[in-house]
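Chemist: fold the stuff below for me.
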Amino acid sequence: MNLSKLLAVVATVFVTSGLRAQALSAPVMFRVSLGQASSPTPVSGRLLVFAKLLGPADKRPVAAVNMDQIDTHATAIAAEEVAHLEPGAPIEIDADVTAFPTPFSQLKPGRYAVQAVLDRDHSYNYNGRGPGDLVSGVVEMDLPGAAAQLITLETAVGETDPFQPLSNVPAALKDAYAASRSDIHPINFVSPALSRFWGRSVVLHGWVVTPPDYSGHSARRYPTVYYTQGFGGSLRSLHDGAVARWDDMKTGKAPPMIWVAVDQSSPSGTSEFVNSVNNGPWGDALTGELIPDLERHYRMDARPSGRLLTGHSSGGWAVLWLQVNYPKLFGGAWPTSPDPSDFHDFTGIDLYLPGANAYRKPDGTPWPLARDKGEMLVSVEDYTRREVVIGGYGGQMASFDWVFSPRGADGAPVPMFDRTTGAVDSAVVAYWKEHYDVAERLRRHWPELRRDLDGKIHLTVGSADTFYLDGSAHRLEATMRALGAKTDFRYVEGRSHFDLYRVGDDRSGLYKVIAAEMYAVARPGTKMSK
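Modeler: This is a model prediction of the structure:
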């Protein structure tokens with residue numbers, strides 16, 4: 001065979017092989033339409049298609065297909081930004097272009113339950129399906145392959161009534177929803193500072209919980225607890241907590257105090273109540289605007305000893321930050337499982353290490369994000385890659401950037417690490433360190449902070465925290481001890497991020513412990529009474 005014939009044969013082989021490979025990996029295309037019942041007018045948003053491999057044990061019909069917060073590989077997700085979807089005019093989404101954990105053409109062959117969601121306000125990364133989102137029914141199909149069935153967005157997610165208990169509320173607490181209604185007051189405060197920053201009206205939302213005896217003691221002023229939720233929390237979840245705090249006081253399990261539940265969620269995730277170049281002056285809005293306004297309208301003890309702070313997870317970090325940055329304003333903070341307060345241990349990662357990578361340890365193994373009983377549940381890389389597919393902002397990793405990072409030339413926050421490679425940007429980390437590393441702030445400013453801050457931090461975390469947040473807490477405690485500060489750090493043996501509050505059979509028992517300790521600060525020597 002001469003050279004020209006040999007090259008022709010080789011070329012034919014490559015072309016044939018390429019065609020076969022192309023046939024085997026043909027992209028999976030979904031056709032999605034907008035039903036008249038869900039919206040009679042064109043809509044826009046982030047179109048998400050979820051696919052879950054069905055097994056013999058799966059109950060039929062499948063009611064919903066959604067992502068699992070921890071098990072990132074439980075559900076495959078494809079996404080596409082949709083600028084204009086008209087009723088009755090189907091669009092195609094290529095499930096190989098933007099997908100996790102793999103292009104849909106590479107899915108394990110089998111029978112799948114498929115559901116589409118149009119995330120109209122781009123909040124799916126924060127709290128999943130919400131009011132106004134459009135949802136299809138669940139369709140079963142064989143994947144990978146031609147997705148022949150038309151998927152129709154036919155239902156709009158409605159608002160839930162916060163005054164009505166959800167199905168998972170303990171039976172003993174359900175009656176409290178109606179009984180507490182006159183003592184739980186909505187907060188709808190227009191912040192001048194945030195409104196100036198954004199050039200539009202920005203409203204702070206939340207709830208004020210007055211004690212059951214509030215109306216019967218018109219001359220009494222009450223200690224006030226400010227608390228906020230973790231990532232994914234909402235105005236609805238804050239109300240559920242407000243009912244529980246009211247019931248604790250009504251039943252004499254907690255002392256009479258005013259509880260202020262402030263919603264720190266925003267389109268970019270959580271605000272953490274910091275003054276941020278990206279999110280705006282949330283710290284000023286709370287401390288300089290909302291709190292003075294509340295103290296004018298409610299009988300609150302306006303002395304520092306009468307203003308207390310508590311919160312869990314991202315809410316725990318927020319109240320820790322508020323106490324450290326406004327030490328004269330507050331009389332004590334009880335953060336639980338706070339987000340990293342020392343960036344030498346950012347869920348295990350030392351961001352200050354030269355060549356640090358958010359995805360891989362120096363030995364090349366993956367950095368875990370969550371654990372259970374010592375075993376990795378999800379890696380930082382998998383969690384982040386899925387977050388990117390669902391949307392560009394509102395997720396946990398993007399939320400950190402919106403709070404902590406400098407603003408880039410494009411007007412968006414500069415990512416702390418590269419979402420493709422995991423490489424940490426040392427310049428961004430230097431900015432984080434300068435502005436938001438709590439331990440670093442204490443090291444730099446302890447002489448001027450000591451008088452108003454010493455002894456006011458009471459931190460509790462599980463020794464087996466799901467997100468490794470006990471590591472950062474240990475570092476913060478070590479910093480404070482080295483400074484000669486009074487410390488109150490508690491590590492609950494074996495407890496995770498999600499069962500920390502359980503005391504005996506009471507799954508929210510830690511709230512009662514914290515409430516009693518707060519009352520002792522605000523009213524030293526006074527016995528708790530109904």
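Chemist: quick one: contacts for the closest residue to residue 35 other than its chain neighbours?
Modeler: Residue nearest to residue 35 in three dimensions, not counting chain neighbours: residue 154, with 3.9 Å by C-beta to C-beta, 6 or more residues apart in numbering. All C-beta atoms are positioned from the backbone trio N, CA, C, and that covers glycine. Neighbouring residues of residue 154 by C-beta atoms under 8 Å, 6 or more residues apart in numbering: 35, 37-38, 134-137.
Chemist: and the pLDDT at the residue positioned nearest the centre of the chain?
Modeler: For the chain, the residue nearest the mean C-alpha position is residue 231 (2.0 Å; C-alpha atoms, centre = their mean). At residue 231, the model reports a pLDDT of 95.
Chemist: helix/strand/coil for it?
Modeler: coil (DSSP: H, G, I helix; E, B strand; the rest coil).
Chemist: pretty sure it is touching residue 272, no?
Modeler: No - with contacts defined as C-beta atoms under 8 Å, residue 231 does not count as touching residue 272, sitting 10.0 Å away.
Chemist: quickly list what's touching both of those two.
Modeler: In contact with both residue 231 and residue 272: residue 314, using C-beta under 8 Å, 6+ apart.
Chemist: what residues are up against residue 227?
Modeler: Per C-beta under 8 Å, 6+ apart, neighbours of residue 227: 241, 259-262, 309-311, 315, 319.
Chemist: same list, these, but as CSV with secondary structure and neighbour count please.
Modeler: What follows is the contacts of residue 227, written out as CSV (DSSP: H, G, I helix; E, B strand; the rest coil; neighbours: other C-beta atoms under 10 Å):
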residue, secondary structure, neighbour count
241, helix, 19
259, strand, 28
260, strand, 24
261, strand, 27
262, strand, 28
309, strand, 30
310, strand, 25
311, strand, 29
315, helix, 29
319, helix, 28
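Chemist: out of the residues you listed, who's nearest residue 397?
Modeler: residue 315 (17.9 Å; C-beta to C-beta).
Chemist: the closest one touches residue 229, doesn't it?
Modeler: Yes - using C-beta under 8 Å, residue 315 is in contact with residue 229, at 4.9 Å.
Chemist: name the residues contacting each of the two.
Modeler: residue 264.
Chemist: mind jotting down where the helices sit in this protein?
Modeler: Using DSSP state H, the helices found in the chain span residues 3-24, 124-127, 171-179, 192-198, 235-250, 282-284, 291-297, 314-325, 380-390, 396-404, 426-436, 438-453, 469-482, 509-522.
Chemist: residue 416 versus residue 254, what's the distance?
Modeler: Taking C-beta to C-beta, to the nearest Å as the measure, residue 254 falls 39 Å from residue 416.
Chemist: burial measure for residue 159, as a count.
Modeler: Residues contacting residue 159 under the criterion other C-beta atoms under 10 Å number 9.
Chemist: let me fix that: residue 505
Modeler: 6.
Chemist: same check on residue 328?
Modeler: Neighbours of residue 328 (other C-beta under 10 Å): 10.
Chemist: and the nearest residue to residue 183 once chain neighbours are set aside, how far from residue 257?
Modeler: Once flanking residues are discounted, residue 183 sits nearest to residue 210: 4.7 Å by C-beta to C-beta, 6+ apart. For residue 210, the distance to residue 257 equals 9 Å [C-beta to C-beta].
Chemist: now do residue 231
Modeler: Per C-beta to C-beta, residue 231 is found 26 Å from residue 257.
Chemist: mind listing the strands for the stretch 101-250 of the chain?
Modeler: Applying DSSP state E, counting those that start in this stretch to the stretch 101-250 of the chain gives strands spanning 110-119, 134-136, 139-143, 150-156, 184-190, 203-209, 224-228.
Chemist: show me which positions of the third one end up buried.
Modeler: Okay, so that is strand 139-143. Residues 139, 141, 143 are the ones in strand 139-143 that count as buried (16 or more other C-beta atoms under 10 Å).
Chemist: also stretch 357-375?
Modeler: So, applying 16+ other C-beta under 10 Å, buried residues of stretch 357-375: 357-360, 367-371.
Chemist: what do you get for stretch 194-212?
Modeler: Neighbour-count burial for stretch 194-212 flags 194, 197, 202, 204-212 (criterion: 16+ other C-beta under 10 Å).
Chemist: which two of the residues you listed have the greatest separation?
Modeler: Farthest pair in the buried residues of stretch 194-212, by C-beta to C-beta: 197 and 212, 38.4 Å.
Chemist: any regions of the stretch 401-530 of the chain where pLDDT drops low?
Modeler: 528-530 (pLDDT under 70).
Chemist: again, 80 this time
Modeler: Scanning the stretch 401-530 of the chain for pLDDT under 80 picks out 527-530.
Chemist: reformat the helices of the chain as CSV; add distance to residue 305.
Modeler: As requested, the helices of the chain are arranged in CSV below (distance: least, C-beta to C-beta, whole Å):
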stretch, distance to residue 305
helix 3-24, 70
helix 124-127, 35
helix 171-179, 29
helix 192-198, 26
helix 235-250, 19
helix 282-284, 21
helix 291-297, 14
helix 314-325, 13
helix 380-390, 41
helix 396-404, 29
helix 426-436, 27
helix 438-453, 12
helix 469-482, 21
helix 509-522, 5
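Chemist: closest to residue 103 out of those?
Modeler: So among the helices of the chain, helix 380-390 is nearest, using C-beta to C-beta, at 11.1 Å.
Chemist: starting at the chain centroid, how far to the closest one?
Modeler: Chain-centre distance of helix 380-390: 14 Å, with C-alpha atoms, centre = their mean, to the nearest Å.
Chemist: likewise stretch 167-184?
Modeler: 25 Å.
Chemist: so where is the stretch 201-350 of the chain shaky, pLDDT-wise?
Modeler: For the stretch 201-350 of the chain, no range has pLDDT under 80.
Chemist: what residues are up against residue 157?
Modeler: 129-135.
Chemist: count of residues packed around the closest residue to residue 359 other than its chain neighbours?
Modeler: Among residues not flanking residue 359 along the chain, residue 422 sits closest, at 2.9 Å (C-beta to C-beta, 6+ apart). Per other C-beta under 10 Å, the neighbour tally for residue 422 reads 19.
Chemist: for residue 336, same thing?
Modeler: 26.
Chemist: from residue 264, how far out is it?
Modeler: Separation of residue 336 from residue 264 (C-beta to C-beta): 15 Å.
Chemist: cool, and residue 250?
Modeler: 27 Å.
Chemist: neighbour count winner among these two?
Modeler: residue 264 (26 against 18).
Chemist: ok, that one - contacts?
Modeler: Contacts of residue 264 (C-beta under 8 Å, 6+ apart): 228-229, 233, 270-273, 282, 314-315, 318.
Chemist: top of those residues by neighbour count?
Modeler: residue 318 (33 neighbours).
Chemist: wait, that residue touches residue 228, no?
Modeler: Yes - counting by C-beta under 8 Å, residue 228 is a contact partner of residue 318 at 5.4 Å.
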